[in-house]
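[1] give me a 3D structure for the following:
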Amino acid sequence: MEIKRKVRVGMIGYKFMGKAHSHAYRDLPFFFDGAVEPVLQTIVGRDEHSVRLAADKLGWLSYETDWRRLLERDDIDVVDIGTPNESHAEIAIAAAKAGKHVLCEKPLAMSAEEAKRMWTAADKAGIVHMICHNYRFVPAIQYAKRLITEGLLGDIHHFRAQYLQDWVSDPAYPHVWRLRKEHSGSGALGDLMSHSIDLGRYLVGEISEVSGRLDTFVRYRPSGSEQDGSGTSGNEMLEVNVDDAASALIRFENGAAGVLEATRFAKGNRNGNRIEINGSKGSLRWEMDRMNTLELYLENDPLGMQGFRSIDCTEDCHPYTAAYWPAGHPIGYEHSFIHLIHEFMKGVSTKVSPSPNFEDGYRNQVVLDGIAQSAETGATVKLTY
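    From the prediction side, this is the model:
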């Protein structure tokens, strides 16, 4: 029996993304074979009581309260960064210099300049690096990429994307870190639209110019508490200095036109991530609410049918799905992280950084910065990478 090499993971952060990543590391060997196997070695959090409980619940062997201590340890091969955006660059660059492979949550950085420094440091150190744009790894999206690459849609004319949520639409919602530019860099723009940009780059191509608008609907919110992550307490009203909603017109290098919308004020939309692509020979569309289904229209349908057909992407021929259940049995949100970390572990094994990596994160950040610049100046911004 082949003995797999153990890859010892140190993860910084233990809440939403910490839980998603922990689940993926734990379940990966159950579904996928590989040359390496992740070990949940150490989890890091600033509050010792909370991080100790998280380590026990999520299955980590040990914990630390200082991420710098993690980088000093010889029993850590991979650093997984799930902290607020302001700390991504500092941690990733230090981890690279320490010779640790790095998996980082999105958006990669607070600016394109920061992202470029992260990419440069990672490449200089020769480590494997990847950014967590998990929606790329939904089987239906992977299948859409195959259809586009094989030319079934012809020349791409339009990319249309919405990412709609409603979790801060109540004016009484507290002033958490995601509503502070100094911690997050931006609001719905970086939090949500970065996913749409990544899907656009992955499915259609590089983006050459943008025209953007940013809106903030609730300017002041009540201070939160240590528990909700805002780091404040009391009844003070604090200014919101990030966008509640972002919209953009984009142009791809191949001539395709794009329309992007992201908001955290779309009542009734809990996680409305949707795309549509129109080409010269057909169209496809996908939405997270029905993540296992890809809708496809082909102009030259062999049976002459009109309208979209629904493809249930649970067959063995669809990407990743052969590892799971019989056809017709759906998978969920958490499996997109299993697929992403499966690719990351293959990268660690082969010493090749899978896409999306820090270069993709940098290019994504160039687009985000361009949209923000356009919103401020009112002018279309031509992007330079």
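[2] any idea how far Tyr297 lies from Tyr135?
    As judged by Cβ to Cβ, to the nearest Å, Tyr297 and Tyr135 stand 22 Å apart. Yep, even glycine has a C-beta here, placed from its N, CA and C like the rest.
[3] show me which of the two is the more surrounded one.
    Neighbour totals were compared for Tyr297 and Tyr135, and Tyr135 leads with 22 against 18 (other Cβ atoms under 10 Å).
[4] for that one, which non-adjacent residue is closest in space?
    Leaving aside its chain neighbours, Tyr135 sits nearest to His195 (5.6 Å; criterion: Cβ to Cβ, 6 or more residues apart in numbering).
[5] just the strands in the stretch 51-200 of the chain please.
    Under the criterion DSSP state E, counting those that start in this stretch, the stretch 51-200 of the chain contains strands at 62-64, 78-81, 101-104, 129-131, 156-164.
[6] to Lys6, which of these lies closest?
    The closest of these to Lys6 is strand 78-81. By Cβ to Cβ, the value is 10.9 Å.
[7] pull the residues that contact the closest one.
    7-13, 21, 38, 70-71, 87-88, 91-92, 95, 100-105, 348 (Cβ atoms under 8 Å, 6 or more residues apart in numbering).
[8] what's the most buried one of the strands of the stretch 51-200 of the chain?
    Sort these by mean neighbour count, taking mean count of other Cβ atoms under 10 Å, and strand 129-131 sits at the top with a mean of 29.
[9] as CSV, the strands of the stretch 51-200 of the chain with distance to Pro171 would be great.
    Output for the strands of the stretch 51-200 of the chain, formatted as CSV (distance: least, Cβ to Cβ, whole Å):
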stretch, distance to Pro171
strand 62-64, 37
strand 78-81, 32
strand 101-104, 33
strand 129-131, 33
strand 156-164, 19
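[10] for stretch 79-87, what is the distance to the chain centroid?
    Computed by Cα atoms, centre = their mean, to the nearest Å, the chain-centroid distance of stretch 79-87 equals 13 Å.
[11] dump the residue contacts of the residue nearest to Tyr135.
    Lys106, His133, Tyr135, Tyr163, Asn273.
[12] domains of this protein?
    Using automatic domain parsing, the domain ranges for the chain come out as 5-134, 137-382.
[13] could I get these as TSV with mean pLDDT?
    Converted to TSV, the domains of the chain look like this (pLDDT from 0 to 100):
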stretch	mean pLDDT
domain 5-134	97
domain 137-382	95
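[14] most packed of those domains?
    Buried most deeply of the domains of the chain, by mean count of other Cβ under 10 Å, is domain 5-134, with a mean of 20.
[15] list the contacts of stretch 293-303.
    Under the contact criterion Cβ under 8 Å, 6+ apart, stretch 293-303 has outside partners 140, 143-144, 147, 152, 281-286, 307-313.
[16] restrict that stretch to CA atoms and write it as PDB.
    Provided in PDB are the C-alpha atoms of stretch 293-303 (Å, rounded to 0.1, in the frame of the first residue of the first chain):
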ATOM      1  CA  THR A 293     -27.500  22.700 -13.000                       C
ATOM      2  CA  LEU A 294     -26.000  24.400 -16.100                       C
ATOM      3  CA  GLU A 295     -28.500  25.900 -18.600                       C
ATOM      4  CA  LEU A 296     -27.400  25.700 -22.300                       C
ATOM      5  CA  TYR A 297     -28.800  27.000 -25.500                       C
ATOM      6  CA  LEU A 298     -27.300  26.000 -28.900                       C
ATOM      7  CA  GLU A 299     -28.400  27.700 -32.100                       C
ATOM      8  CA  ASN A 300     -27.700  24.600 -34.200                       C
ATOM      9  CA  ASP A 301     -29.300  22.100 -31.900                       C
ATOM     10  CA  PRO A 302     -29.300  18.700 -33.600                       C
ATOM     11  CA  LEU A 303     -33.000  18.200 -32.700                       C
END
